[in-house]
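S.K.: Please work out how this folds:
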Amino acid sequence: MAGGVGSRFWPMSTPARPKQFLDVLGIGKSLLRLTYERLLNIIPNENIYIVTNAEYYAMVKEHLPELDNKQILTEPERKNTAPCIAYAAAKIYALNKEANLIVAPSDHLILQQHKFERIINIALKNAKDNKRITTLGIKPTRPDTGYGYIQFFEEGDVVGGDVKKVKQFTEKPNKELAKIFLTSGDYCWNSGIFVWTAEVILNALKRFKPELHELFCKDFSVYFTEKEQQYVDAAFHAAENISIDFAVMENARNVSVVLADFDWSDLGTWGSLYEHLEKDHHGNATDNPDIRMIDAHDCLVKLPTKKKAIIQGLDDYIVVETEEKLLILKKSDEQNLKTYLKLIEQENG
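M.R.: Here you go, the predicted model:
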């Protein structure tokens, strides 16, 4: 899934070039490219599909020239993850009714490739053999309010690779509740990575969101034909704006979570990126040697290449500048960035 705007990575991520197309790690590869290469070790190139907004089609081709045109699925408008997944599942089902699907956001950072492959294979086996809706859960390390949480039935030891039945989902709790989840031992973060068969997810959509299912599944014969885009555009225009979590995951009872043991971040915020960057002895992270940090601690600073800067006296701040925009934000206040951006939009009319 590569159609989002990534507003929490403002000002670098913009509607014209969102974060999945950015080299936020400074290694010469975009997040989309890294996701593709990670999955290429598990799935053959011809079985990888990208769902993105129509305006990003050319950028996907630029970053992933190995893909055939039919592997890039375009949405005419953003309607969240449920319509996106319904489209991809219906198209792949039309090609192979027994297909197994891995649904992965394009903006995750996942280290320890061998552990990732092990967990994915466990999830694939559970999804296929037991006809289960399967998601990957991440052991929480802090009471983060930016993630959804999954409560599972705690049976015996809790170790990486375990498959647990899901008890309930909780979407982005407040700080107090997140602290309880962190210490309880039977909660994990919802990674947003899902594994299921095409048949199972389409049946779940048919049960819980029949209107959405009907939009994308009433005529499988249009897929892989010249009629597909017009059919899909009409489906998206009529579709409800809803996430797969609200549409299916919170309603279904045949849901399992595989407890992942690899290093993971959804890189949804500057703060999550900070955790993975190299830091100096004062905890400051910057990829620009011309920046001088004086009496400053635990800051993330990203400025244009070769820009000289002196930053003094800041503790626990995010400083990001582009040619036209500047962000100076307390890391602990990062969850309010979307609210602040709305103020700018309102002022600009």
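
S.K.: Any idea how far apart the tips of stretch 305-320 sit?
M.R.: Criterion CA to CA, to the nearest Å; first-to-last residue distance in stretch 305-320 is 12 Å.

S.K.: do stretch 13-20 as well
M.R.: End-to-end distance for stretch 13-20, by CA to CA: 9 Å.

S.K.: what's the longest helix in the protein?
M.R.: Counting residues, the longest helix found in the chain (DSSP state H) is helix 113-130.

S.K.: ok, residues contacting that helix?
M.R.: For helix 113-130, the external contacting residues (CB atoms under 8 Å, 6 or more residues apart in numbering) are 38, 41-42, 100, 102, 110, 132-136, 160-161, 163, 195-197, 200, 256, 258, 260-262. Any C-beta I mention is one placed from the backbone N, CA and C, and that applies to glycine too.

S.K.: Narrow those to those in helices?
M.R.: Within the contacts of helix 113-130, residues falling in helices by DSSP H are R38, V200.

S.K.: buried subset of the contacts of helix 113-130?
M.R.: Buried residues within these, counting neighbours by 16 or more other CB atoms under 10 Å: 38, 100, 102, 110, 132-136, 163, 195-197, 200, 256, 258, 260-262.

S.K.: Let's see which of the contacts of helix 113-130 end up in strands.
M.R.: Here DSSP state E is the test, and the contacts of helix 113-130 give 100, 102, 110, 133-136, 163, 195-197, 256, 258, 260 as lying in strands.

S.K.: Identify the residue with the minimum pLDDT among the residues you listed.
M.R.: Among the ones in strands among the contacts of helix 113-130, I110 has the lowest pLDDT, at 88.

S.K.: List the contacts of it.
M.R.: Contact analysis of I110 by CB under 8 Å, 6+ apart lists R38, F116, F262, D263, W264.

S.K.: nearest to K91, of the residues you listed?
M.R.: Proximity of the contacts of I110 to K91, judged by CB to CB, is greatest for R38, which lies at 22.2 Å.

S.K.: center of the protein - which residue?
M.R.: What sits nearest the mean C-alpha location of the chain, by CA atoms, centre = their mean, is P105, with 3.5 Å.

S.K.: That residue contacts G3, doesn't it?
M.R.: No: judged on CB atoms under 8 Å, P105 makes no contact with G3 at a distance of 10.1 Å.

S.K.: what about the helices in this structure?
M.R.: Counting by DSSP H, the chain has helices at residues 31-40, 57-63, 81-95, 113-130, 175-184, 198-208, 210-217, 228-238, 244, 270-274, 337-347.

S.K.: most packed of those?
M.R.: Of all these, helix 244 carries the top mean neighbour count, a mean of 25, counting by mean count of other CB atoms under 10 Å.

S.K.: just checking, what packs against that helix?
M.R.: Counting contacts by 3 or more CB pairs under 8 Å, 6 or more residues apart in numbering; DSSP states H and E, helix 244 is packed against helix 81-95.

S.K.: which residues sit against the helix it packs on?
M.R.: Under the contact criterion CB under 8 Å, 6+ apart, helix 81-95 has outside partners 1, 3, 49, 51, 73, 75, 99, 101, 103, 194, 198-199, 201-202, 205, 209, 212-213, 215-217, 220-221, 223-224, 228, 232, 235-236, 239-248.

S.K.: just the angle between that helix and helix 210-217, please?
M.R.: Helix 81-95 runs at 40 degrees relative to helix 210-217, counting by axes from the mean of the first three to the mean of the last three CA atoms, to 10 degrees.
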